[in-house]
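> Sharing a sequence plus its predicted fold:
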Amino acid sequence: MTKLTSASHFREIFQSMNSISESYKNTHMIPLDFKAVLGLPDSHTWTPTPDYPPDNPLTTNSVPVIDLFDPNAISLIRHACERLGVFQVINHGIPIDLLNELELQTRRLFSLQAERKLRAVRSPDGFTGYGLPRISTFFSKMMWSEGFSIKGSPVEHARQLWPHDHTNFCNVMEACQREMKGLSEQMIGLVLGSLGLTPEDIKWVEPRTGSRQAQDVLQLNSYPVCPDPSRAMGLAPHTDSSLLTLLYQSNDTGGLQVLVETLGWVPVNPISGAIVVNVGDLMHILSNARFKSAVHRAAVNKIHHRVSIAYFHGPPSDVKVSPLTQLTDIDHPPLYRPVTWKEYLDAKATHFDKALEVIRNNDLRKSSPLSPPPSCIVGPKDEHNLL
Ligand SMILES: C=C1C[C@]23C[C@H]1CC[C@H]2[C@@]12CCC[C@@](C)(C(=O)O1)[C@H]2[C@@H]3C(=O)O
Ligand SMILES: O=C(O)CCC(=O)C(=O)O
Ligand SMILES: [Fe+2]
């Protein structure tokens, strides 16, 4: 048995157990060498969905495109989060040159020979690296995609890919992490602001240091040209586990689709320079289910190699996320129990699409008006209370 020798040792163990890096272990299976196959192998053949390809003109422009300079932006954001859980933003301030560079470096990575990519494979207990979508374990068929996840610095893995020439890749990824972090924080402010919450109420969004820093993951997705797109699946239907996800998709090739109750699968059309914002499950919890976390998937195609870059933004590791007290009252009791991001990712890695149900409050009897409401977002100690 390990003997704990000092408080700092204990803190280290506590922090590493808290970190999202511990979640989704053993999902490091290796992607197919897509260039080496001619037809769609049985392992990758899904039962076609009747609505493929998505050509219903009614659904084409369902996902709103919001100009952040629009004086009505806040109410448009609120409406989109309540109705769909997804919208696109323009005039977001991330330079188009950086987004172009990001796409270029992403293509450069996935165009490498399979053996080269395998040098940077995600290890069973690691977070950064090359591999299959983590949710692959929940499906009997394989997805027509490969990914590269980055948490923290990409340097170690990039060096395996380009032993003498990894600097450009790393510089672009690090610049992108910085820009996406800034935009996510701004978007969280707008999304929660749209419910009447003030910056004071949501202080925890502010940049911090150490274990109180927001956690994030940059995920590069690649969907190679597919011989039989109607029977393949790029990325299977899922919701994101983040607070918010920002997604940049290459503008020549659509593929992202969102499930809308009344309409079915609706395409999120690529717009040059726009960024897709997805409400994640943690934001759904925080809003006490006022905001939807959208079920979405990615289709593949026969002509273009599609890439997308997703930035998953989550709370600091020691923060418990639960319905904001400002949004709960005797008629709207908190629907979910408090969870850290790590706890939620663990629930997702075990229960997948049932993860929200697992943390749902089953006892929804109205609480006494005299008893204080449960905490909203709290750290491990009282002095860290954020609200
Ligand atoms: C921080 C996150 C969010 C993760 C897990 C972990 C790292 C990679 C993310 C993705 C990226 C691809 C889709 C998804 C569904 C997957 O399989 O891995 C995402 C998942 C989630 O949103 O749950
Ligand atoms: O490629 C896309 O458009 C979707 C990617 C996605 O949903 C994800 O990375 O979570
Ligand atoms: Fe997603």
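Done, it's in. Ligands and ions are numbered 1, 2, ... in the order given.
> Enumerate every residue touching residue 246.
Contact partners of residue 246, counting by Cβ atoms under 8 Å, 6 or more residues apart in numbering, are 180, 183-184, 187, 275-278, 310-311, 313. All C-beta spots, glycine's among them, are computed from the backbone N, C-alpha and C.
> host element of the nearest residue to residue 168 once chain neighbours are set aside?
Nearest non-adjacent residue to residue 168, counting by Cβ to Cβ, 6 or more residues apart in numbering: residue 105, 6.8 Å away. Using DSSP states H and E, the element containing residue 105 is helix 96-110.
> right, and the helix or strand after that helix?
Following helix 96-110 in sequence order, the next helix or strand is helix 114-118 (DSSP H and E).
> and that following helix, what's its mean pLDDT?
Averaged across helix 114-118, the pLDDT comes to 95.
> contacting residues around whatever helix or strand comes next after that helix?
Next in sequence after helix 114-118, counting helices and strands by DSSP H and E, comes strand 129-131. Here strand 129-131 makes contact (Cβ under 8 Å, 6+ apart) with 27-31, 117-118, 120-123, 146-149, 157.
> Highest neighbour count among those?
Within the contacts of strand 129-131, neighbour counts (other Cβ atoms under 10 Å) peak at residue 148, which reaches 26 neighbours.
> which residues sit in contact with that one?
Counting by Cβ under 8 Å, 6+ apart, residue 148 touches 106, 109-110, 120, 129-131, 157, 219-220, 222.
> and the residues you listed near ligand 2, which?
When the contacts of residue 148 are checked against ligand 2 using Cβ under 6 Å from any ligand atom, the ones in range are residue 219.
> Return the closest of the contacts of residue 148 with respect to ligand 1.
Of all the contacts of residue 148, residue 219 has the smallest distance to ligand 1: 4.3 Å, by Cβ to the nearest ligand atom.
> SS state for the residue lying closest to that closest one once chain neighbours are set aside?
Nearest non-adjacent residue to residue 219, counting by Cβ to Cβ, 6+ apart: residue 310, 4.5 Å away. Under DSSP: H, G, I helix; E, B strand; the rest coil, residue 310 falls in the strand class.
> got it, and the one 3 residues further on?
In terms of secondary structure, residue 313 is strand; the call rests on three-state DSSP.
> what do you get for the one 5 residues further on?
Reduced to three states with three-state DSSP, the structure at residue 318 is coil.
> Go ahead and confirm it touches residue 212.
Yes - Residue 318 lies in contact with residue 212 (Cβ atoms under 8 Å); the separation is 7.0 Å.
> between these two, who's got more neighbours?
residue 318 (20 against 17).
> picking up where we left off before, how many neighbouring residues does the residue nearest to residue 168 have?
Neighbourhood size, residue 105 [other Cβ under 10 Å]: 20.
> what's the answer for residue 362, then?
6.
> ok so, going back, filter the contacts of residue 148 down to the buried ones.
Neighbour counting with 16 or more other Cβ atoms under 10 Å marks 106, 109-110, 120, 129-131, 157, 219-220, 222 as buried within the contacts of residue 148.
> List just the nearest of those to residue 293.
Nearest to residue 293, judged by Cβ to Cβ, of these is residue 219 at 16.5 Å.
> Does that closest one touch residue 309 like I think?
Yes - using Cβ under 8 Å, residue 219 is in contact with residue 309, at 7.2 Å.
> So which residue is smack in the middle of this protein?
Geometric centre of the chain, nearest residue: residue 312, 3.7 Å, by Cα atoms, centre = their mean.
> Now do the contacts for that one.
Taking Cβ under 8 Å, 6+ apart as the contact definition, residue 312 lies against 216-219, 240-242, 245, 280.
> try 10 Å this time
The neighbours of residue 312, taking Cβ atoms under 10 Å, 6 or more residues apart in numbering as the test, are 20, 149, 151, 180, 184, 215-219, 240-247, 278, 280, 282, 341, 345.
> quick one, strands of the stretch 51-200 of the chain?
Assigned by DSSP state E, counting those that start in this stretch, the strands in the stretch 51-200 of the chain fall at 65-67, 86-90, 129-131, 146-150.
> Rebuild these as CSV, extending it with mean pLDDT.
Output for these, formatted as CSV (pLDDT from 0 to 100):
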stretch, mean pLDDT
strand 65-67, 98
strand 86-90, 98
strand 129-131, 96
strand 146-150, 97
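> Out of those strands, which gets nearest to residue 335?
strand 86-90 (20.9 Å).
> Tell me the strands beside that closest one, with direction?
If you go by DSSP bridges, strand 86-90 pairs up with strand 65-67 (parallel), strand 275-279 (antiparallel).
> can the longest one be found next to ligand 2?
Yep, that's strand 275-279 we're talking about. No - Strand 275-279 does not reach ligand 2 (Cβ under 6 Å from any ligand atom); its nearest approach is 7.2 Å.
> Tell me the spacing between the residue nearest to residue 168 and ligand 2.
Distance, residue 105 to ligand 2, using Cβ to the nearest ligand atom, to the nearest Å: 16 Å.
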